[in-house]
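*Asks:* Only the shape, not the letters, is given here:
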């Protein structure tokens, strides 16, 4: 299927569909891919658009090359908005901590083609898999500029508490290689192109799997993070009932026995 590009009005966030894979690209390299008010709104709307398309089975979230995956909130715009409206920029955002990203129906792979700090770290943490660029760093840098980090709470399931506390209270960056060794990053690649290629590889593998199984796996694991292992297990079992009762649950073993690729119906 031919890829389709859909820029927002200002071209700050791009959506590309290529078969079952959607690629969302932050496109503000001149501002280190910092998220403006318009970019935040467009990004939030895209998750609903993606969820409404059953043909999409995996998402790659990346950004234009500039050395930074995402520098977080556009602080210059935030200061201007404060002066003009008297409001903090978070009060003007529908989803200030990008929580909608965590609820996307299909797995999201963050292809981090540069440093990731503040809101860039939020996007990385709220994705399901992460691919980083060798020689870059990530951090929770809000303490440097008087901002806050309530969004870091779910990261206690992703990093050792001592490391997470170090990141939050020192606001210092950690090399992506260390974050990989700690299990926060799934892979580290040598170039931005290789980062995107690895993320696309993950997306292709995911898209080839049974969609109901993938969705139930993501939902069950996410529930365990949110609710704890016992309650999450109950949610996971409930979500998997649909999987076991599906036509795909019959098709998978049949395709294996007949030595052919399965034809998933998602039902």
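*Replies:* Received, thanks. Remember, it's a predicted structure, so these values are computed and weren't measured experimentally.
*Asks:* Please identify the helix or strand for residue 130.
*Replies:* For residue 130, the element it lies in under DSSP states H and E is strand 129-133.
*Asks:* Let me fix that, I meant to ask about residue 198.
*Replies:* Element membership for residue 198 (DSSP H and E) is helix 192-208.
*Asks:* May I see the buried residues of that helix?
*Replies:* The neighbour-count check on helix 192-208 (16 or more other C-beta atoms under 10 Å) flags 192, 194-196, 198-200, 202-203, 206-207 as buried. Quick note: C-beta positions are derived from backbone N, CA and C, even for glycine.
*Asks:* Give me the next element, helix or strand, following that helix.
*Replies:* helix 211-227.
*Asks:* Could you figure out how far the helix holding residue 198 is turned away from helix 211-227?
*Replies:* Orientation check (axes from the mean of the first three to the mean of the last three C-alpha atoms, to 10 degrees): helix 192-208 against helix 211-227 gives 110 degrees.
*Asks:* Mind giving me the packing neighbours of helix 192-208?
*Replies:* The helices and strands touching helix 192-208, judged by 3 or more C-beta pairs under 8 Å, 6 or more residues apart in numbering; DSSP states H and E, are strand 21-26, strand 58-63, strand 108-111, strand 129-133, strand 187-189.
*Asks:* please redo it, this time with the cut-off set to 6 Å
*Replies:* strand 58-63, strand 108-111, strand 129-133, strand 187-189 (3 or more C-beta pairs under 6 Å, 6 or more residues apart in numbering; DSSP states H and E).
*Asks:* Tabulate those (TSV), appending mean pLDDT, mean neighbour count and distance to residue 176.
*Replies:* Formatted as TSV, the helices and strands packed on helix 192-208 follow (pLDDT from 0 to 100; neighbours: other C-beta atoms under 10 Å; distance: least, C-beta to C-beta, whole Å):
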stretch	mean pLDDT	mean neighbour count	distance to residue 176
strand 58-63	98	27	15
strand 108-111	98	28	12
strand 129-133	98	26	4
strand 187-189	98	20	6
